[in-house]
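Visitor: Sequence plus predicted model, see below.
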Amino acid sequence: MEANGTPQSPAGDWRSYERMLLPPIQDLHKLDVYTKHGGYERLRRVLEDDDVAPDDITNEVKASGLTGRGGAGFPTGVKWTFMPEPDDRPRFLGVNGDESEPGTFKDRQVMEYNPHLMFEGILLAGYAMHIDTAYVYTRGEYTDWIALMAEQLENAYEAGYVGEDILGSDFSMDIVLHKGAGAYICGEETSLMESLEGKRGYPRYKPPFPAQKGIFSCPTTINNVETLAHVPLIVQEGGDAYSTIGAEDMPGAALYGMSGHVKQPGVYEYPTGMLLSDLIYDVCGGMARGEDLKAVVPGGSSVPPIRADQIDGLSMNDESLGEVGSRTGTFCPLVLDEETDMVSFTRRVAHFYQDETCGQCTPCREGTGWLENILARIDEGEGRMRDIDLILELCDNMDGGRTICAFADGAVGPIRAAVKRFRDEFEAKCEASVYPVSTDVSAGPDSAVAATE
Ligand SMILES: Cc1cc2nc3c(=O)[nH]c(=O)nc-3n(C[C@H](O)[C@H](O)[C@H](O)COP(=O)(O)O)c2cc1C
């Protein structure tokens with residue numbers, strides 16, 4: 001807390017922050033504009049300076065403390081060190097632009113406004129990890145931005161920034177654009193690799209991890225679009241300097257995708273560690289409908305919602321959000337006002353996961369369907385009081401390592417938290433239900449039904 005009682009923001013003096021990922025430069029997506037503003041200079045310096053070894057880039061990224069912006073928040077530099085020593089196998093970088101999580105729409109801005117920054121980040125990552133090919137796996141619905149990236153990539157090839165002997169060096173790398181076909185599960189890294197190989201997008205068991213056996217069974221690193229866009233900035237500023245921006249536990253800039261009931265939703269670039277209250281009331285101009293705040297889902301639909309009375313002093317970094325059992329996820333807060341029916345909201349979230357489960361693992365395939373069914377009957381005034389604990393019991397049987405990938409955890413986390421934190425709303429709907437109210441779970445499934453007969 002500051003002396004005047006206002007909570008101190010780990011984002012520091014965010015009002016004077018100058019955008020680096022999405023700077024306000026007209027037509028920055030064009031190669032000539034990008035290069036005019038220093039674009040590809042970081043790559044040139046690295047390739048021309050004989051003293052810069054691949055490991056030096058990895059060490060800078062490690063020093064920066066950059067954490068992945070795809071949702072899991074894993075330290076990027078550390079992940080890069082998992083790649084084995086080069087051998088005669090090809091090596092791949094999977095660039096995750098699938099961006100299919102409800103409420104998450106920030107990678108699109110990089111693709112639309114600064115695609116060369118992403119390409120430069122890909123090339124620097126490729127140099128650091130001795131990688132020859134990057135696949136940019138993009139959400140298929142992003143048709144316009146895929147076309148834009150394809151045009152700009154062609155320009156970068158023609159100018160010698162991508163391809164054989166880049167900028168006259170002995171470093172060569174190809175970048176291939178790949179269009180997804182509208183499945184959320186293909187954003188999960190092992191599923192993405194299956195899909196790239198032309199197979200059904202089923203997640204793989206880990207281990208082996210992608211670094212050991214990834215795309216086409218070769219060493220692979222998967223990184224999010226935004227994560228890679230930070231890399232040229234880290235090389236430019238130096239890892240140590242970059243680590244001083246934003247929150248200590250996950251430093252750097254972040255693209256905050258603000259949506260929901262705020263006056264000015266959109267993607268805003270600020271340091272990590274922004275206070276949720278600053279984002280909602282200062283950056284986004286407050287609540288859109290004049291209603292009070294009810295809840296915030298801080299980082300895409302897969303993270304637990306927070307109640308309004310919990311947000312005081314909370315900031316967008318995992319250390320802070322962890323105190324109330326939530327996470328930064330994709331750094332895309334969804335803001336809900338008092339008019340929001342939390343049962344309907346939770347039902348809608350459950351529907352998404354039911355619709356998108358790949359069906360490979362039984363707890364996820366069956367569990368997501370039952371969660372939606374039970375939430376639907378409560379929402380429609382046909383729930384029984386014991387359904388509330390039934391939801392929680394179901395959640396406990398789905399997550400925590402019961403499935404191959406983290407999809408089930410992402411489905412269950414927000415539903416469990418919504419039920420626990422807004423239980424009064426679920427109870428109110430059950431109390432008003434057409435069925436008799438029974439709070440006795442131990443009475444077994446038939447007793448309440450029998451009572452209605
Ligand atoms: C169901 C599911 C969907 C995911 N979707 C995405 C996605 O669209 N984009 C993304 O970058 N990461 C997504 N992830 C996380 C990836 O598996 C992976 O952690 C990430 O791409 C790694 O990049 P990063 O370390 O740079 O964040 C998803 C994970 C799961 C479980």
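Guide: Sure thing, it's come through.
Visitor: where does the stretch 301-450 of the chain dip in pLDDT?
Guide: Scanning the stretch 301-450 of the chain for pLDDT under 70 picks out the ranges 436-450.
Visitor: can you pull out the strands in it?
Guide: With strands called from DSSP state E, counting those that start in this stretch, the stretch 301-450 of the chain shows them at 306-307, 334-337.
Visitor: Buried deepest among these, which one?
Guide: Mean neighbour count (mean count of other CB atoms under 10 Å) peaks for strand 334-337 among these, with a mean of 22. To be clear about C-beta, it is placed using only N, CA and C from the backbone, and glycine gets the same treatment.
Visitor: who's in contact with it?
Guide: Strand 334-337 is contacted from outside by 102-103, 258-262, 280, 284, 287-289, 291-297, 300-301, 305, 342, 345, using CB atoms under 8 Å, 6 or more residues apart in numbering.
Visitor: cool, stretch 355-364 as well?
Guide: 100, 183-185, 191, 200-203, 365, 368, 397-398, 402-404, 407-408, 411.
Visitor: Nearest to Gly65, out of the strands of the stretch 301-450 of the chain?
Guide: strand 306-307 (24.5 Å; CB to CB).
Visitor: how deep is the residue lying closest to Asn397 once chain neighbours are set aside tucked in, by neighbour count?
Guide: Using CB to CB, 6 or more residues apart in numbering and skipping the chain neighbours, the partner closest in space to Asn397 is Pro363 (6.1 Å). Neighbourhood size, Pro363 [other CB atoms under 10 Å]: 16.
Visitor: Then Leu321?
Guide: Residues contacting Leu321 under the criterion other CB under 10 Å number 24.
Visitor: That one contacts Arg327, doesn't it?
Guide: Yes - with contact defined as CB atoms under 8 Å, Leu321 reaches Arg327; the gap is 5.6 Å.
Visitor: Over to Met287: give its phi and psi.
Guide: Here is the backbone geometry of Met287 (degrees, to the nearest 10): phi -80, psi 140.
Visitor: Tell me the residues of the stretch 51-200 of the chain that contact the ligand?
Guide: Within reach of the ligand by CB under 6 Å from any ligand atom, the stretch 51-200 of the chain has these residues: 68-72, 74, 76, 96, 98-101, 184-185, 187-189.
Visitor: Sort out for me which of those residues are in helices.
Guide: Judged by DSSP state H, these include 76, 189 as members of helices.
Visitor: Is it possible to mark the buried ones in the residues of the stretch 51-200 of the chain next to the ligand?
Guide: The neighbour count (16 or more other CB atoms under 10 Å) marks 68-71, 76, 96, 98-101, 184-185, 187-189 as buried among these.
Visitor: circling back: what sits in contact with each of Leu321 and Arg327?
Guide: 298-299.
Visitor: Need the single longest helix in this protein, by residues.
Guide: helix 362-379.
Visitor: Could you export it as PDB, CA atoms only?
Guide: Output of helix 362-379 as PDB, limited to C-alpha atoms (Å, rounded to 0.1, in the frame of the first residue of the first chain):
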ATOM      1  CA  THR A 362     -13.700 -40.200 -20.400                       C
ATOM      2  CA  PRO A 363     -13.800 -37.800 -17.400                       C
ATOM      3  CA  CYS A 364     -13.600 -34.800 -19.800                       C
ATOM      4  CA  ARG A 365     -15.900 -36.200 -22.500                       C
ATOM      5  CA  GLU A 366     -18.600 -37.300 -20.100                       C
ATOM      6  CA  GLY A 367     -18.000 -34.700 -17.400                       C
ATOM      7  CA  THR A 368     -18.300 -31.600 -19.600                       C
ATOM      8  CA  GLY A 369     -21.700 -32.900 -20.900                       C
ATOM      9  CA  TRP A 370     -23.000 -33.600 -17.400                       C
ATOM     10  CA  LEU A 371     -21.800 -30.200 -16.100                       C
ATOM     11  CA  GLU A 372     -23.700 -28.500 -18.900                       C
ATOM     12  CA  ASN A 373     -26.800 -30.700 -18.300                       C
ATOM     13  CA  ILE A 374     -26.900 -30.000 -14.600                       C
ATOM     14  CA  LEU A 375     -26.200 -26.200 -15.000                       C
ATOM     15  CA  ALA A 376     -28.900 -26.000 -17.700                       C
ATOM     16  CA  ARG A 377     -31.600 -27.600 -15.500                       C
ATOM     17  CA  ILE A 378     -30.700 -25.200 -12.600                       C
ATOM     18  CA  ASP A 379     -30.700 -22.300 -15.000                       C
END
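Visitor: wait, does it contact the ligand?
Guide: No - using CB under 6 Å from any ligand atom, helix 362-379 never reaches the ligand; the gap is at least 10.0 Å.
Visitor: So which bits of that helix are buried?
Guide: 363-364, 367-372, 374-379.
Visitor: Now find how far off-centre it is within its chain.
Guide: With CA atoms, centre = their mean, to the nearest Å as the basis, helix 362-379 stands 24 Å off its chain's centre.
Visitor: Now do Phe426: how many residues are near it, please.
Guide: Neighbour tally, Phe426, other CB under 10 Å: 23.
Visitor: meant to ask about Gly313, not that
Guide: Gly313 has 15 neighbours, counted by other CB under 10 Å.
Visitor: Not counting sequence-adjacent ones, nearest residue to it?
Guide: The nearest residue in space to Gly313 (CB to CB, 6+ apart) is Pro7, at 3.8 Å.
Visitor: now that neighbour, what's its secondary structure?
Guide: Following DSSP: H, G, I helix; E, B strand; the rest coil, we place Pro7 in the coil state.
Visitor: next one: Tyr268
Guide: Applying three-state DSSP: Tyr268 is strand.
Visitor: shouldn't it be in contact with Leu255?
Guide: Yes - proximity of Tyr268 to Leu255 meets the contact threshold set by CB under 8 Å, at 7.5 Å.
Visitor: For the contacts of strand 334-337, which PyMOL command selects only the ones that are buried?
Guide: In PyMOL, this line selects whichever of those come out buried by 16+ other CB under 10 Å:
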select buried, resi 102+103+258+259+260+261+262+280+284+287+293+294+295+296+297+300+301+305+342+345
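Visitor: what residues does the stretch 351-453 of the chain put near the ligand?
Guide: 405-407, 410.
Visitor: Please produce TSV containing those, extended by distance to Met316 and neighbour count.
Guide: Shown next, in TSV, are those (distance: CB to CB, whole Å; neighbours: other CB atoms under 10 Å):
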residue	distance to Met316	neighbour count
Cys405	25	21
Ala406	21	17
Phe407	24	26
Gly410	19	22
